[in-house]
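Visitor: Predicted structure and sequence below. I'll ask about it afterward.
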Amino acid sequence: FGYTIGLVTVFLNDEAAVSKDGFFQGYTVSVWVVIFTQACGGLLVAVVMKYADNILKGFATSLSIILATTISCVFFGTQLNGMFVTGASGVLVAVYLYGKYPPSPEKKDYDAVPQNESEKLPMEEPSSNSVEKV
């Protein structure tokens, strides 16, 4: 749905330039790298959602933000504030605890279909205040 709005906006604002030089005019190598990175990220999210759960996706997203910020600090000199450090510490602790104490699988109290006679539930006895048919 988003690409539809994007195409409408491009043709409303730059119809003449697109008609003259084509849609991909001005695309540089860095633009293609960003497009490729975003596409791979979308596919990676799909794989994570298929083979993992939503909690792991949240942790992966949080860790990627921490990693990207760390790289930004090293290469671009970005300054961190106390809020980010507190949040990042919370994420790291949560990821550690989730890995150390994984959720236990759900226990079933019963099987849908008993496998043998000993697994069948006993029939209930009628209560003394039940209505009898006459």
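Guide: Right, received. Where do you want to start? Here the structure is a predicted model, which is why all the values come from computation and not from measurement. Residues are numbered from 1 along each chain as shown.
Visitor: helix or strand for Arg46, which one?
Guide: If you look again at residue 46, you'll see it is Ala, not Arg. helix 29-51 (DSSP states H and E).
Visitor: Show me which residues of that helix are buried.
Guide: Buried positions in helix 29-51, judged by neighbour count with 16 or more other Cβ atoms under 10 Å: Val48. Any C-beta I mention is one placed from the backbone N, CA and C, and that applies to glycine too.
Visitor: And the average pLDDT for the following helix or strand past that helix is what?
Guide: On the C-terminal side of helix 29-51, the nearest following helix or strand under DSSP H and E is helix 54-76. Mean per-residue pLDDT for helix 54-76: 82.
Visitor: what's the answer for stretch 29-46, then?
Guide: Here the average pLDDT along stretch 29-46 is 90.
Visitor: Need the three-state assignment for Leu80.
Guide: coil (DSSP: H, G, I helix; E, B strand; the rest coil).
Visitor: Could you pull up the residues touching it?
Guide: 69, 73 (Cβ atoms under 8 Å, 6 or more residues apart in numbering).
Visitor: on that earlier part again, quick one: the helix holding Ala46 to helix 54-76, angle?
Guide: 160 degrees (axes from the mean of the first three to the mean of the last three Cα atoms, to 10 degrees).
Visitor: For helix 29-51, what is the distance to the chain centroid?
Guide: Taking Cα atoms, centre = their mean, to the nearest Å, one finds helix 29-51 lying 13 Å from the centre of the chain it belongs to.
Visitor: try stretch 25-39
Guide: When distances are taken as Cα atoms, centre = their mean, stretch 25-39 is centred 24 Å away from the chain's centroid.
Visitor: Put the alpha carbons of it into PDB.
Guide: Taking C-alpha atoms only, stretch 25-39 is exported to PDB below (Å, rounded to 0.1, in the frame of the first residue of the first chain):
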ATOM      1  CA  GLN A  25      17.200   9.000 -12.400                       C
ATOM      2  CA  GLY A  26      19.600  10.100  -9.700                       C
ATOM      3  CA  TYR A  27      19.900   6.700  -8.000                       C
ATOM      4  CA  THR A  28      23.500   6.400  -6.800                       C
ATOM      5  CA  VAL A  29      25.300   3.400  -5.300                       C
ATOM      6  CA  SER A  30      24.500   4.500  -1.800                       C
ATOM      7  CA  VAL A  31      20.700   4.600  -2.700                       C
ATOM      8  CA  TRP A  32      20.900   1.100  -4.000                       C
ATOM      9  CA  VAL A  33      22.700  -0.100  -0.900                       C
ATOM     10  CA  VAL A  34      19.900   1.300   1.300                       C
ATOM     11  CA  ILE A  35      17.200  -0.300  -0.900                       C
ATOM     12  CA  PHE A  36      19.000  -3.700  -0.800                       C
ATOM     13  CA  THR A  37      19.600  -3.400   3.000                       C
ATOM     14  CA  GLN A  38      15.900  -2.600   3.600                       C
ATOM     15  CA  ALA A  39      14.800  -5.500   1.400                       C
END
